[in-house]
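Q: The following block contains a protein sequence and its predicted model.
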Amino acid sequence: MVGGGGKTAFSGFCFRRASRDRTAISLSAVAGGANLLKCKDEGAGAFRGPRSPQRRTKRQTMKSVPFDFRRAHSAEEACALLAEHGGDAKLIAGGQSLVPMMAMRLARPAFLVDINDAADLRQVEVGADSALIGAAVRQRTIERDAALAAQVPLLQKALRWVGHAQTRNRGTVGGSIVHADPSAELPLAACVLDATLLLRDAAGEAEMPAREFILAPMVTAISPEQCLAAIRFPVWGEARVGCAFDEVSLRHGDFAIVAAAAQVALGADGRCVRAALGTASAPVPQAHADIAAKLVGTLLDDATVADAAAEVARAVEPDGDLHASADYRRHLAGVLARRVLAAARDEASSRP
Ligand SMILES: Cc1cc2nc3c(=O)[nH]c(=O)nc-3n(C[C@H](O)[C@H](O)[C@H](O)COP(=O)(O)OP(=O)(O)OC[C@H]3O[C@@H](n4cnc5c(N)ncnc54)[C@H](O)[C@@H]3O)c2cc1C
């Protein structure tokens, strides 16, 4: 397919024309897509030689549906392109989820807008009350940001569980939240901390609580013409804050069967003055705000923690699938809730 109307020709996995915005590289290079989408030069003379399973025709080697491609240099430009192409377009950030989905043809965008060069989507601002993280900031950048770790430590703890160093090198914070895998760690951290999502389209900006954003597995409230611009995480100002993240997965780097996160603040007398708690398992991450609220004023002793964890196990409504039954997930939610609450309490207690 040759791009028409001035659009870049990104024919399957190969650009036909090269320019600054239309670089002649494969999608796997654009998105770090682990060779899932292979670039084949469609120019004259390509694919000479005997046919073998490794050397097939260009049509046979194509994995995704054909699509056109543009690189956006700002959020505004990305939104304008989304508005122009409506539901046919998709943003690509790290490509760690989108590229595999395209390779399997579970996603079939006709137009890709690459936001990796949008500098305004890649800023991190850490303040006294909140930390603003651009949607296209790499997960690895957040993992290594000492100022952010001091103000929003739960993020760093959650990120250790996200995939592998290689996927975190490319994957973005916003991409993970918009992809909305039911057991992804960053959406859970955003829900537990009651983060705010800054959404943008050609008409302007809107804010939405992370807790309202994910509607079902991989279904969110974002519209086809919206770009997630940034995520604002509240900074807890109390002196004695502790947090913990834990999960159970089949292998390191796999998505969690169940994950749990907690953050607590203790007063000088050791009583809990603020608490947040959540679990992630199919179908969506849940912030257990009511259960966390009951912890305020308590000493967070083991019995109180166990009661809260039992309540979590009753409150979750997990799905069962080939990895784990709903009952096992419910059991894990209780076990992990107890672990993260106790660990968060212990960390907070160790602070002067
Ligand atoms: C081997 C492997 C293991 C992994 N393990 C885990 C894991 O354990 N936990 C986990 O959470 N994740 C895991 N992931 C997924 C990884 O975290 C991805 O980085 C993340 O899900 C998507 O981020 P991305 O930047 O790559 O987004 P992309 O793949 O580029 O995009 C994903 C989706 O988000 C949309 N999108 C991206 N950015 C925006 C934006 N700013 N505004 C609007 N829409 C946007 C895209 O259109 C697309 O629909 C794994 C991935 C791999 C390959």
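A: Arrived safely.

Q: contacts and neighbour counts: CA atoms only from here.
A: Will do.

Q: For the protein, what lies in contact range of the ligand?
A: Residues of the chain lying near the ligand by CA under 6 Å from any ligand atom: 90-98, 135-136, 161-163, 167, 171-172, 174-176, 178-179, 184-185, 227-229, 253-255.

Q: Could you tell me which of the residues you listed count as buried?
A: Among these, those classed as buried by 16 or more other CA atoms under 10 Å are 90-98, 135-136, 161-163, 167, 171-172, 174-176, 178-179, 184-185, 227-229, 255.

Q: helices and strands around the helix or strand where residue 338 lies, which ones?
A: Under the criterion of DSSP states H and E, residue 338 resides in helix 326-349. Applying 3 or more CA pairs under 8 Å, 6 or more residues apart in numbering; DSSP states H and E, one finds that helix 326-349 contacts strand 240-248, strand 258-266, strand 272-280, helix 302-315.

Q: For it, give me every contacting residue.
A: If you take CA atoms under 8 Å, 6 or more residues apart in numbering as the criterion, helix 326-349 is touched by 240-248, 257-266, 270, 277-279, 281, 300, 302, 305-306, 308-314, 316-320.

Q: Recalculate using a threshold of 7 Å.
A: With CA atoms under 7 Å, 6 or more residues apart in numbering as the test, helix 326-349 has contacts from 240-247, 258, 260-266, 279, 300, 305-306, 309-310, 312-313, 316, 318-320.

Q: Could you do stretch 103-122 as well?
A: 36-37, 63-75, 78, 88-93, 101-102, 134-137, 229-230.

Q: Narrow the residues you listed to those in strands?
A: Counting by DSSP state E, the part of the contacts of stretch 103-122 found in strands is 68-71, 89-92, 134, 229-230.

Q: Save these as JSON lines, and put in pLDDT too.
A: As requested, those are arranged in JSON lines below (pLDDT from 0 to 100):
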{"residue": "68", "pLDDT": "94"}
{"residue": "69", "pLDDT": "95"}
{"residue": "70", "pLDDT": "96"}
{"residue": "71", "pLDDT": "97"}
{"residue": "89", "pLDDT": "96"}
{"residue": "90", "pLDDT": "97"}
{"residue": "91", "pLDDT": "98"}
{"residue": "92", "pLDDT": "98"}
{"residue": "134", "pLDDT": "98"}
{"residue": "229", "pLDDT": "98"}
{"residue": "230", "pLDDT": "98"}
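
Q: So which of the helices and strands packed on helix 326-349 is the most surrounded?
A: Across those, averaging neighbours per residue (mean count of other CA atoms under 10 Å) puts strand 258-266 on top, at a mean of 29.

Q: Quick check: neighbours of it in the sheet, parallel or antiparallel?
A: Paired neighbours of strand 258-266 in the sheet (DSSP bridges): strand 240-248 (antiparallel), strand 272-280 (antiparallel).

Q: Can you check what angle separates the first one from helix 326-349?
A: Okay, so that is strand 240-248. Angle between the axes of strand 240-248 and helix 326-349 is 150 degrees (criterion: axes from the mean of the first three to the mean of the last three CA atoms, to 10 degrees).

Q: per-domain residue ranges of this structure.
A: Following automatic domain parsing, the chain resolves into domains at 4-114, 122-234, 240-349.

Q: thinking again about what came up before, could I get the helices and strands packed on helix 326-349 as CSV with mean pLDDT?
A: Formatted as CSV, these follow (pLDDT from 0 to 100):
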stretch, mean pLDDT
strand 240-248, 98
strand 258-266, 98
strand 272-280, 98
helix 302-315, 97
